[in-house]
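Engineer: Here is a sequence together with a model predicted from it:
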Amino acid sequence: MDLFTSAAWLTLSLTLLIWGANKFIDSASSIAGKLGISDFIIGLSVIALGTSFPEIFVGISSIVNNNEELALGAIVGSNISNVALIFGVSCIGYTAAINPSSNKNFVALAMKCHYCYLCP
């Protein structure tokens with residue numbers, strides 16, 4: 001395929017993806033209104049599904065293709081990144097008083113970790 005054909009397919013795919021996402025959100029909001037569910041709950045559900053579906057499809061595809069290690073790596077990596085991102089975002093704007101004794105403990109811990117890493 002030449003560059004022009006690839007660019008045309010990419011443009012068409014992105015256009016259809018954006019259109020489909022808008023229709024999906026509008027439909028979910030309409031269903032929520034008819035059922036009496038708040039838009040906030042529907043938004044959280046859509047985000048949860050949208051972030052989980054790629055891992056599900058990677059897991060299914062890797063198992064079908066007899067590559068279980070990829071499925072395990074996707075699951076573990078997804079969980080680690082989700083926990084790290086949620087913890088990091090929740091800590092934004094949080095200020096805590098630093099106790100000087102805890103600072104000394106942190107320095108001692110960091111030195112021990114470096115020693116264990118460099119001298120196994």
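Structural biologist: Great, that's in hand. Everything quoted here is computed from the prediction, not taken from an experiment. Numbers count the residues shown, from 1 in each chain.
Engineer: what's the distance between the lowest-mean-pLDDT helix or strand in the chain and the middle of its chain?
Structural biologist: Lowest on mean pLDDT, DSSP states H and E among the helices and strands of the chain sits helix 100-118, with a mean of 73. Centroid separation for helix 100-118 versus its chain: 31 Å, with CA atoms, centre = their mean, to the nearest Å.
Engineer: Mind giving me the packing neighbours of it?
Structural biologist: Here helix 100-118 touches no other helix or strand, going by 3 or more CB pairs under 8 Å, 6 or more residues apart in numbering; DSSP states H and E. In short, each C-beta sits where N, CA and C put it, glycine included.
Engineer: export that helix as CSV, just CAs?
Structural biologist: The C-alpha trace of helix 100-118 is given here as CSV (Å, rounded to 0.1, in the frame of the first residue of the first chain):
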residue,chain,number,x,y,z
PRO,A,100,12.8,15.3,60.3
SER,A,101,13.1,11.8,61.9
SER,A,102,11.2,10.2,59.0
ASN,A,103,13.5,12.0,56.6
LYS,A,104,16.5,10.3,58.3
ASN,A,105,14.7,6.9,58.0
PHE,A,106,14.1,7.5,54.3
VAL,A,107,17.8,8.3,53.7
ALA,A,108,18.8,5.2,55.6
LEU,A,109,16.3,3.1,53.6
ALA,A,110,17.5,4.5,50.3
MET,A,111,21.2,3.8,51.2
LYS,A,112,20.3,0.2,52.2
CYS,A,113,18.4,-0.3,48.9
HIS,A,114,21.4,1.0,46.9
TYR,A,115,23.7,-1.3,48.9
CYS,A,116,21.6,-4.3,48.2
TYR,A,117,21.3,-3.5,44.6
LEU,A,118,25.0,-2.9,44.0
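Engineer: Give me the contact list for stretch 21-31.
Structural biologist: 39, 42, 45-46 (CB atoms under 8 Å, 6 or more residues apart in numbering).
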